[in-house]
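Student: can't give you the sequence, but here's the structure:
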């Protein structure tokens, strides 16, 4: 009797009301790219960066062997070499600005970052930008002369993005890929702001993957973690207006910013393309009382996440090189786990390739269904999309759990799914099966940065 009753109940409701688990959509091409990441090149890059002694933002810019100037020219040469290998597919840019920002930049200083631009074939103004910061520091943030190897913080991230460029430059993508080594992070995140403003000037729609410390495995407590990496993502958009906040507080969206749905996307990429390496989503913009370059992109309205190791060792962060009572301090190459860094780099490569080959996240997503038994979502057609997928999940669920394939339409009704009980979203799918991140309806979930505020008239 019980099985008959359940069968009758299911028959009485449309299939859309039944939870579904999406089949894995493996892309052999992405597996191939992931397999090309080389540990020996990552090691050589970190050795080269550590070899500049210090990369402090206020350090020497003239020497060819020491200081931030020598380091950034070395990064530029690496990108130029990669470009020669791919027939000039990469253009090297140096976004910069003269900054005076006491107390950390007390005198006018040119803050220069290095960005390699691999232009997209069909959607060049959509940009997947991987970033890491080139500069380093010791205990005193103003000490620009003592050795500051910055092996993990953040030569590891810079090495990851250079290696990503080596691998991904061998292929062509719909969207543009940008590999950006930022300067000025330790002096209050100036490089990210400069590059985000530069991206806005290009008219780009940016998604930012910020890698900051992606090679340490032994925590402060001695525990070792080799299979977990954290992805921090803001819950509500930094650029949210008061009116948008009021609507979001009432209808939901606190956990569905574009950055949060980007983090969910990265989590699925790790599950699909990596072995024994898991993404842990953290529902915060960054660690407590600390910051990273992703915030510069968030302030410009761009979706951005921070990718960071699962275990941190504070003896190896922002420390003078020394030994006290047998305890070793300093961010040296001995603290780098290259197998872990290789996995972190693979995660970035797989994510960038998947995003750049997928259509753009849908725009203009709206939802309707108040006092109705059904829920209807609508969106604008996305160039390069041949199908769309409508998603929903319980309001307390961390990941999207249910979906229906909508086909090549711009509106779709979920029969028997009540709007009050779930969160909803839409993703776009290409002809060859690459899928975009899910977009939550309305301003709370939009992946498009709003225009900058209009300057007040004099």
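Tutor: Arrived safely, thanks for sending. On a predicted model such as this, the values are computed, not experimentally measured, just so you know.
Student: where along the stretch 1-150 of the chain do the helices fall?
Tutor: For the stretch 1-150 of the chain, applying DSSP state H, counting those that start in this stretch gives helices covering 2-12, 28-34, 39-50, 68-85.
Student: Kindly report the same for the stretch 301-450 of the chain.
Tutor: Under DSSP H, counting those that start in this stretch, the stretch 301-450 of the chain gives helices at 338-357.
Student: on that earlier part again, so which of the helices of the stretch 1-150 of the chain is nearest residue 121?
Tutor: helix 28-34 (14.8 Å; CB to CB). No exception for glycine: its C-beta is placed from N, CA and C like everyone else's.
Student: Could you list every helix and strand in contact with that closest one?
Tutor: helix 258-273, helix 338-357 (3 or more CB pairs under 8 Å, 6 or more residues apart in numbering; DSSP states H and E).
Student: Can you list the buried residues in that helix?
Tutor: 30, 33-34 (16 or more other CB atoms under 10 Å).
Student: Any chance of TSV for these, columns pLDDT and distance to residue 369?
Tutor: Conversion of those to TSV gives the following (pLDDT from 0 to 100; distance: CB to CB, whole Å):
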residue	pLDDT	distance to residue 369
30	98	36
33	98	41
34	98	40
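Student: before we move on, back to that, which stretch among the helices and strands packed on helix 28-34 is buried most, on average?
Tutor: Most buried of the helices and strands packed on helix 28-34 by mean neighbour count (mean count of other CB atoms under 10 Å) is helix 338-357; its value is a mean of 24.
Student: and residue 362, which of the helices of the stretch 1-150 of the chain is closest to it?
Tutor: helix 28-34 (21.8 Å).
Student: Helices of the stretch 151-300 of the chain, start to end?
Tutor: 156-168, 190-201, 242-251, 258-273, 294-299.
Student: what about those helices, which gets the closest to residue 427?
Tutor: That would be, of the helices of the stretch 151-300 of the chain and by CB to CB, helix 258-273, which comes in at 9.0 Å.
Student: I'd like to know which elements the closest one is packed against.
Tutor: helix 28-34, strand 228-232, strand 278-282, strand 304-309, helix 338-357.
Student: Could you export those as JSON lines, including distance to residue 140?
Tutor: Output for the helices and strands packed on helix 258-273, formatted as JSON lines (distance: least, CB to CB, whole Å):
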{"stretch": "helix 28-34", "distance to residue 140": "40"}
{"stretch": "strand 228-232", "distance to residue 140": "27"}
{"stretch": "strand 278-282", "distance to residue 140": "29"}
{"stretch": "strand 304-309", "distance to residue 140": "24"}
{"stretch": "helix 338-357", "distance to residue 140": "28"}
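Student: Nearest to residue 143, out of these?
Tutor: strand 304-309 (24.1 Å).
Student: and the angle from that closest one to helix 338-357?
Tutor: 160 degrees (axes from the mean of the first three to the mean of the last three CA atoms, to 10 degrees).
Student: Check which helices and strands strand 304-309 sits against.
Tutor: strand 205-211, strand 228-232, helix 258-273, helix 294-299, helix 338-357.
Student: between that strand and helix 156-168, how many degrees?
Tutor: Using the same axes, to 10 degrees: strand 304-309 against helix 156-168 is 110 degrees.
Student: how big is the angle separating strand 304-309 from strand 228-232?
Tutor: Using the same axes, to 10 degrees, strand 304-309 lies at 160 degrees relative to strand 228-232.
Student: What mean pLDDT does strand 304-309 get?
Tutor: Strand 304-309 shows a mean pLDDT of 98.
Student: what lines up beside it in the sheet?
Tutor: The sheet places strand 304-309 alongside strand 205-211 (parallel), strand 228-232 (antiparallel), with pairing taken from DSSP bridges.
Student: Quickly compare those and say which is most buried.
Tutor: strand 205-211 (a mean of 27).
Student: Quick one: residues in contact with that strand.
Tutor: 125-132, 154, 156-157, 160-161, 192, 196, 199, 262, 266, 292-294, 297, 300, 302-308, 344, 348, 351-352, 355, 360, 447-449 (CB atoms under 8 Å, 6 or more residues apart in numbering).
Student: please redo it, this time with the cut-off set to 7 Å
Tutor: 125-132, 157, 160-161, 199, 262, 292-294, 297, 302-307, 348, 351, 355, 448 (CB atoms under 7 Å, 6 or more residues apart in numbering).
Student: Check which residues of stretch 228-248 are buried.
Tutor: For stretch 228-248, by 16+ other CB under 10 Å, it's 229-234, 236-240, 244-245, 248.
Student: ah, wrong one, I meant stretch 88-106
Tutor: 89-90, 92-93, 95-97, 99, 104-105.
Student: pLDDT of that stretch, averaged?
Tutor: Mean predicted lDDT for stretch 88-106 stands at 98.
Student: tell me how far the ends of that stretch are from each other?
Tutor: End-to-end distance for stretch 88-106, by CA to CA, to the nearest Å: 39 Å.
Student: Work out the gap between that stretch and the centre of the chain.
Tutor: 20 Å (CA atoms, centre = their mean, to the nearest Å).
Student: Going forward, the N-terminal residue is numbered 48.
Tutor: Got it, the first residue is 48 from now on, which makes the last one we talked about stretch 135-153.
Student: ok, the most centrally placed residue in the chain to residue 395 distance?
Tutor: Nearest to the geometric centre of the chain sits residue 256, at 2.1 Å (CA atoms, centre = their mean). Residue 256 sits 6 Å away from residue 395, going by CB to CB, to the nearest Å.
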